[in-house]
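Student: based on what follows, work out the 3D shape:
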Amino acid sequence: MAEISVRTVIIDTIKPLLPGRWRLLDTAPNLDTLDRVTVTTSIQRIERAPEVAKNARWYFGTLRVEEPSRDIDAVDDLLDDEIIDLLNAIDDLARTDAAPIITWTTAERGVTKEEGGNFAFDVTFKMLYTRKESTRG
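Tutor: Numbers count the residues shown, from 1 in each chain. The predicted structure is shown next:
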């Protein structure tokens, strides 16, 4: 049986925390055809965590939250509230005995393209995950 990828672990951990109107994709979306708030994830850095376990790693990444509405005044407060709810849910998850351990670091506003692009938030996170022992000989 193949081991689950780290990206799948991140998606499976984050997906239940998202507001109902959002969707989570495991690949980059076509930004011109977004029809609702869309979240993608990427990993920027991996560090060993031998103080935790032999196969433990810290994964540092970003959740990109993109709002397709061009009328940002109409969705600004709602998106702010939903981002705060997501951050609170991640905080709550970090306070449980859940594995993997995931915490957020920053949430920063931006746009995804040049002027007039999609409104977005980048939420940086770190996740501690221990992979199973390799059975390769």
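
Student: and the helices in this protein, which stretches?
Tutor: Under the criterion DSSP state H, helices of the chain are mapped to 6-14, 72-94.

Student: stretch 101-110: which residues count as buried?
Tutor: 101-102, 104, 107 (16 or more other CB atoms under 10 Å). (Each C-beta comes from the backbone N, C-alpha and C, glycine too.)

Student: please name the nearest non-neighbouring residue to the residue most central in space within the chain.
Tutor: The residue at the geometric middle of the chain, judged as the C-alpha nearest the mean C-alpha position with CA atoms, centre = their mean, is Leu63 (3.4 Å). Nearest residue to Leu63, sequence neighbours excluded (CB to CB, 6 or more residues apart in numbering): Val123, at 4.3 Å.

Student: before we move on, back to that, which of the helices of the chain sits closest to Glu47?
Tutor: For the helices of the chain, distance to Glu47 was read as CB to CB. The smallest value, 12.9 Å, belongs to helix 6-14.
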